[in-house]
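Visitor: sequence? don't have it. structure:
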């Protein structure tokens, strides 16, 4: 039996709103990440450090692993881990896209993950360039987006569904 007009309208509304917003956030994160990495690669020599703020430096380093250099030179392991995480995120989003603001961390996570995946495919490693004090490993905008998105997602999941 074909879906009713009301059912089609509900499905279209459910898909267009949160999916379109998540897609827009994905695009913003991905483009900003790739533009910033391109700017760093063209203006900073690997190994050079430029101080931009007290305690913050820009560098051009390459990361062959996942977060903080875990699993270096294990592109297959990294690819599988990222693929499984993204698949789980998309399944969750598809089932809960009506939740308030869930589109925001979803778009941020996908944009950040695909920004770094694009680096891995095109360069064989991820360009990291923001260096903080106290020995913190360099990171990039994609990494920042992923961390902030996870924090937002945790806050959203902790809130009651009525919010």
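Guide: Arrived safely. What you see is a predicted model; the values in this text were computed from it and never measured.
Visitor: Which strand or helix spans the spatially most central residue of the chain?
Guide: The residue lying closest to the centre of the chain (CA atoms, centre = their mean) is residue 112, at 1.9 Å. For residue 112, the host element (DSSP states H and E) is helix 103-123.
Visitor: Which strands or helices does that helix pack on?
Guide: helix 5-43, helix 75-96, strand 126-131, helix 141-158 (3 or more CB pairs under 8 Å, 6 or more residues apart in numbering; DSSP states H and E). Every C-beta, even on glycine, is put in place using the N, C-alpha and C of the backbone.
Visitor: For residue 103, find the nearest of these.
Guide: With respect to residue 103, and counting by CB to CB, the nearest of the helices and strands packed on helix 103-123 is helix 5-43 at 4.1 Å.
Visitor: what distance separates the closest one from the middle of the whole chain?
Guide: Put simply, helix 5-43 sits 11 Å off its chain's centre (CA atoms, centre = their mean, to the nearest Å).
Visitor: Just list the residues touching the residue nearest to residue 97 when sequence neighbours are not counted, thanks.
Guide: Spatial nearest neighbour of residue 97, excluding adjacent residues (CB to CB, 6 or more residues apart in numbering): residue 18 at 4.1 Å. Each residue near residue 18 by CB atoms under 8 Å, 6 or more residues apart in numbering is listed here: 93, 97-98, 102-103.
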